[in-house]
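Asker: Next come a sequence and a model predicted from it.
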Amino acid sequence: MNAAFLTAHKILAEVYFDKAFSAITLNRYLNGAASSDRSLITKLVYGVLDTDIQTDYIVSRFVKKTNKQAQLFLKMGTYCLMNLSVPVYAVVNDIAELSKITGDRYLVGFVNATLKNIATSIKNNNISYPDGDKGFCIEHSYPEWAFAKLVRDYGREEARNIASYRLPVSDCVRVNTAAISVSEFKKLAQATLTPTMLPDAFRVKGRIRGVSEKCYTMQSLASMLVARAVGATGVCRVLDCCSAPGGKAVYIKQLVHDASVTAQELHPHRVKLIADYFNRMGESAEIVCGDATVFNPHWENAFDYVLCDVPCSGFGVLDSRPDIKLFRRNEDISSLMKLQQAILSNCSRYVKNGGTLVYSTCTIFRHENMACVEKFLKSNADFSLCPIHLPEYAPVNGQTHYQFLPHKDKIQGFFVAKMVKRIKS
């Protein structure tokens, strides 16, 4: 039995059947997998999840009704037939062998026969989709409700560009310059490093060896750019009010050594993630378990910089969390918008006169992004938009807000807006 297929199936079963987070589950299994299998396991997991709507539609053309186990085997097989440079007989055989783990002989035969039929249709170019937006969404495996939001926000042509683009899956490593110089890291790291727009960040191919884990951390470029956009300088107090897992808070502290950083998070287990992150990077912070929607009188007008990186729909990070497309629903957005507005309104009270408030998300929908900022500004006359100083990335530098789009910026789809609180006389 193909070990990579077996491991990928275990991960996918946890995601589909138990609604486990794909990235966390994948990393857990990769730690115990053979190094030669890790790349294929990752490709299978992310690929099957990313193409779920498309493969579900194709399978439905051949099977009227089946159980969830058979459906997963068929989705895996269909994805491989359409996207891997592997002979048809090898795919069909590997998936049929994999289905033997169920102990159901009928299911094994059913999976084998169905995949052969699907393979023949793919070979003969007999896979077709409905006309219009519905067919486009099926072919590019994008939820129709989410595509409708893109059309409203960006227009149909740009919506299609956004929904059809796939950001290449690649790791980005940030050097902990407090522990090692960039030049020394490049010399010691046994991996292929590609420079980025940031002097301390590289795209990495392969596993890093020869350097202590305290000398680097994995963090997306968009996340790093948001941390830099805060613009903290000198002796100052910084609050990251929805901090877990802590990457932005740690980076702000490392960019501004004189900063006093407070990281707040709602759930105790996520508070521990922040503490572990700071400890690993050799930095310190005040880490607080608390609700960002509930006012803390001790923090009123206490911070020079407040970062509200709020919970969101996550449609800007589908490259690393494709399971979002499986489980996020249109009705979730309204409740998220209320939460985002509550966090922004409450945490703005912690900003000093003349201080800075930064709002960010990892999504691409306007209602969660600029519309939320505009609503806040209408109710808070003491705040106004101000320029973001980010010379490392020219498109953002000087803007008051910016929506990163993967197909344009080649990084994850974060949003960031910067506001200043008026100095009262």
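Answerer: Arrived safely, thanks for sending.
Asker: which residues of this protein fall in strands?
Answerer: With DSSP state E as the definition, the chain shows strands at residue ranges 171-175, 192-195, 201-205, 216-218, 236-240, 259-265, 286-289, 303-309, 351-361, 383-385, 401-403, 415-421.
Asker: Adding mean neighbour count as columns, could you present the ones you listed in a markdown table?
Answerer: For glycine as for every other residue, the C-beta is placed from the backbone atoms N, C-alpha and C. Converted to a markdown table, the strands of the chain look like this (neighbours: other CB atoms under 10 Å):
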| stretch | mean neighbour count |
| --- | --- |
| strand 171-175 | 22 |
| strand 192-195 | 12 |
| strand 201-205 | 18 |
| strand 216-218 | 18 |
| strand 236-240 | 24 |
| strand 259-265 | 23 |
| strand 286-289 | 16 |
| strand 303-309 | 25 |
| strand 351-361 | 22 |
| strand 383-385 | 16 |
| strand 401-403 | 23 |
| strand 415-421 | 24 |
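Asker: Out of those, the one nearest Gly155 is which?
Answerer: Among the strands of the chain, strand 401-403 comes nearest to Gly155, with 14.1 Å by CB to CB.
Asker: coming back round to it: need the strands of the chain in a markdown table with distance to Leu318 and mean pLDDT, can you?
Answerer: Converted to a markdown table, these look like this (distance: least, CB to CB, whole Å; pLDDT from 0 to 100):
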| stretch | distance to Leu318 | mean pLDDT |
| --- | --- | --- |
| strand 171-175 | 16 | 93 |
| strand 192-195 | 22 | 92 |
| strand 201-205 | 18 | 92 |
| strand 216-218 | 18 | 94 |
| strand 236-240 | 24 | 98 |
| strand 259-265 | 24 | 97 |
| strand 286-289 | 30 | 97 |
| strand 303-309 | 18 | 98 |
| strand 351-361 | 14 | 98 |
| strand 383-385 | 28 | 98 |
| strand 401-403 | 15 | 98 |
| strand 415-421 | 15 | 98 |
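Asker: Of all these, which one comes closest to Asp319?
Answerer: That would be, of these and by CB to CB, strand 171-175, which comes in at 11.2 Å.
Asker: Kindly export that closest one (C-alpha atoms) in PDB.
Answerer: The C-alpha coordinates for strand 171-175 follow below in PDB (Å, rounded to 0.1, in the frame of the first residue of the first chain):
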ATOM      1  CA  ASP A 171       7.100  28.200   3.200                       C
ATOM      2  CA  CYS A 172       8.500  31.600   4.200                       C
ATOM      3  CA  VAL A 173      11.100  31.800   6.900                       C
ATOM      4  CA  ARG A 174      11.900  34.900   9.000                       C
ATOM      5  CA  VAL A 175      15.300  35.200  10.500                       C
END
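Asker: can you tell which of the strands of the chain is closest to Glu139?
Answerer: Closest approach to Glu139 among the strands of the chain (CB to CB): strand 401-403, 25.1 Å.
Asker: buried ones in stretch 316-330?
Answerer: By neighbour count on 16 or more other CB atoms under 10 Å, the buried set for stretch 316-330 is Gly316, Val317, Leu318, Asp319, Ser320, Arg321, Pro322, Asp323, Ile324, Lys325, Arg328.
Asker: Lowest-confidence one in those residues?
Answerer: Least confident by pLDDT among those: that is Ser320, with 90.
Asker: Which residue ranges of the stretch 201-350 of the chain form helices?
Answerer: 221-229, 247-255, 268-280, 324-327, 330-347 (DSSP state H, counting those that start in this stretch).
Asker: can you redo these as JSON lines with distance to Pro87?
Answerer: As requested, the helices of the stretch 201-350 of the chain are exported to JSON lines (distance: least, CB to CB, whole Å):
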{"stretch": "helix 221-229", "distance to Pro87": "37"}
{"stretch": "helix 247-255", "distance to Pro87": "42"}
{"stretch": "helix 268-280", "distance to Pro87": "43"}
{"stretch": "helix 324-327", "distance to Pro87": "30"}
{"stretch": "helix 330-347", "distance to Pro87": "41"}
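Asker: To Ala119, which of the ones you listed lies closest?
Answerer: Closest among the helices of the stretch 201-350 of the chain, using CB to CB: helix 324-327, at 25.0 Å.
Asker: wait, what's in contact with Leu193?
Answerer: Leu193 is in contact with Val173, Lys186, Phe202, Arg203, Val204, counting by CB atoms under 8 Å, 6 or more residues apart in numbering.
Asker: Quickly name whichever of those residues is closest to Cys137.
Answerer: Closest to Cys137, out of all of these and judged by CB to CB, is Arg203, at 30.2 Å.
Asker: give me the low-pLDDT residue ranges for the chain?
Answerer: 1, 425 (pLDDT under 70).
Asker: Pick out the residue nearest the middle of it.
Answerer: Closest residue to the average C-alpha location of the chain: Val317 at 3.1 Å, with CA atoms, centre = their mean.
Asker: Pull out the buried positions in stretch 52-67.
Answerer: Asp52, Ile53, Gln54, Thr55, Tyr57, Ile58, Val59, Thr66.
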